[in-house]
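In: What follows is a protein structure lacking sequence information:
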C-alpha cells in the first residue's frame, strides 16, 4: 500500500457529488509518538481531506479543539456544520464540512437520537451518553438539486439504541422528503438490524449500488493497521433511491506514513437522478 498522498477519489465534476465519512477519533491524552496522539494524526487527517476534496464530509467523535484545528487547517473552502452532543451543543461533535463552491446551505438542524429528538442532550434506549444527528439541507449550485446531508454516530454499547436510532433516522429522511445521504459510524456491520431498518425506510448502503468499487470492501475499523477484506464495515455512506452511485471506496491511505484515525474513511460518488 503506498504511503503517498494520491487520492482514491479526489475532486469530482458536476453532477457528481463526492461524499466522505470519517470518524476522526476523539483526542485522548497520549505520548507524542503514540499512533493515537492527535498531534501526530492531525496533519494526516488534513492531508487526507484536502487531497480527496469531498463535496460533503461527515465527521464523528471530534472534540471542539479538534474541530477548531480542522476548520482552521481546511480553510474557507469548506463550511463547517458541527454540533456537540450536550444539551447546549457542547462536547463531542458530529457534523459536516461542505464545499462552499458547490453547495449553498439552506437549513441546518440537529436532533437527539432519543424518544425526544427535539430536546438536545436527551438520552433513551440505554445509551451511556447522548447521541445525536447533525444535518444540512443544501442546494447544489451547479445542478440546482436540493438534498439533505446527515452525519451521525450510533451508540457503541446498546443494540436497542442503534436500532431505534436507525428507525428515527429513516423517519427524519422521510419527513424531509428530499434526496438524502446519511453518513455515520454505525458501530455495527453491514446487514445488521440498523442497516436493515434504514433499507426498509429507503436509505441503502451505497456500496450495494455502486457501478465501480475503487477498493475492496475493507473493514473500516482497522485500529491503526492496514484495512483488510473480511473486517466489518461499521462506517458507511447510505443514500436514498434518487442516488445513482458511481464509485465507492474504503480508504487504505496513510498520508506521510501516518494513519489518520483508528477508523478508515469511506467514500461514495453519487449523482441525483431526480
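Out: Ah, there it is. Quick caveat: nothing in here was measured; it's all calculated off a predicted structure.
In: Can you tell me the number of residues neighbouring residue 257?
Out: Residues near residue 257, counting by other CB atoms under 10 Å, number 8. The way it works is simple: take the backbone N, C-alpha and C, and place the C-beta from them, glycine included.
In: Also residue 191?
Out: A count of nearby residues for residue 191, using other CB under 10 Å, gives 11.
In: what's the pLDDT at it?
Out: As predicted, residue 191 sits at a pLDDT of 96.
In: Could you report the distance from it to residue 257?
Out: Plainly put, residue 191 is 34 Å away from residue 257 if you go by CB to CB, to the nearest Å.
In: what's the answer for residue 121, then?
Out: Applying CB to CB, the value for residue 121 to residue 257 is 39 Å.
In: for residue 64, same thing?
Out: In terms of CB to CB, residue 64 sits 28 Å off from residue 257.
In: And for residue 230?
Out: According to CB to CB, residue 230 and residue 257 sit 25 Å apart.
In: do residue 17 as well
Out: Distance from residue 17 to residue 257, by CB to CB: 31 Å.
In: mind listing what's buried in stretch 230-239?
Out: By neighbour count with 16 or more other CB atoms under 10 Å, stretch 230-239 contains the buried residues 231-239.
In: Quick one: end-to-end length of it, please.
Out: For stretch 230-239, the first-to-last residue distance is 23 Å (CA to CA, to the nearest Å).
In: Now do it: distance to the chain's middle.
Out: On the basis of CA atoms, centre = their mean, to the nearest Å, stretch 230-239 sits 11 Å off its chain's mean C-alpha point.
In: can you give me the mean pLDDT across it?
Out: Mean pLDDT, stretch 230-239: 97.
In: Quick check: residue 91 touching residue 85?
Out: Yes: using CB atoms under 8 Å, residue 91 is in contact with residue 85, at 5.3 Å.
In: Looking at these two, which is more packed in?
Out: residue 85 (22 against 16).
In: my read: that one touches residue 111, true?
Out: No: between residue 85 and residue 111 no contact is recorded; they are 11.2 Å apart, counting by CB under 8 Å.
In: Buried residues in the longest helix that the chain contains, which are they?
Out: In the chain, assigned by DSSP state H, the helix with the most residues is helix 159-176. Across helix 159-176, burial judged by 16+ other CB under 10 Å covers 159, 161-170, 172-173, 176.
In: how about the helices in the chain?
Out: So, for the chain - with DSSP H - the helices run 38-52, 64-74, 159-176, 193-200.
In: Tell me where the stretch 101-250 of the chain is predicted with low confidence.
Out: For the stretch 101-250 of the chain, applying pLDDT under 70 flags no range at all.
In: All the strands of the stretch 51-200 of the chain, residue numbers only.
Out: 56-62, 78-84, 93-99, 103-112, 132-140, 146-153, 180-185 (DSSP state E, counting those that start in this stretch).
In: Could you save the ones you listed as CSV and add columns showing distance to residue 221?
Out: Conversion of the strands of the stretch 51-200 of the chain to CSV gives the following (distance: least, CB to CB, whole Å):
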stretch, distance to residue 221
strand 56-62, 12
strand 78-84, 22
strand 93-99, 17
strand 103-112, 25
strand 132-140, 20
strand 146-153, 13
strand 180-185, 9
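In: Disregarding residues adjacent in the polypeptide, which is nearest to the residue lying farthest from the centre of the chain?
Out: Most distant from the centre of the chain: residue 31, at 27.6 Å, with distances by CA atoms, centre = their mean. In space, and not counting its chain neighbours, residue 31 is closest to residue 37: 6.6 Å by CB to CB, 6 or more residues apart in numbering.
In: and what of residue 225?
Out: residue 259 (7.8 Å).
In: again with residue 148
Out: Looking at residue 148 with CB to CB, 6+ apart, the closest residue is residue 180, at 4.2 Å.
In: From residue 238, how far out is that neighbour?
Out: To residue 238, residue 180 is 8 Å away according to CB to CB.
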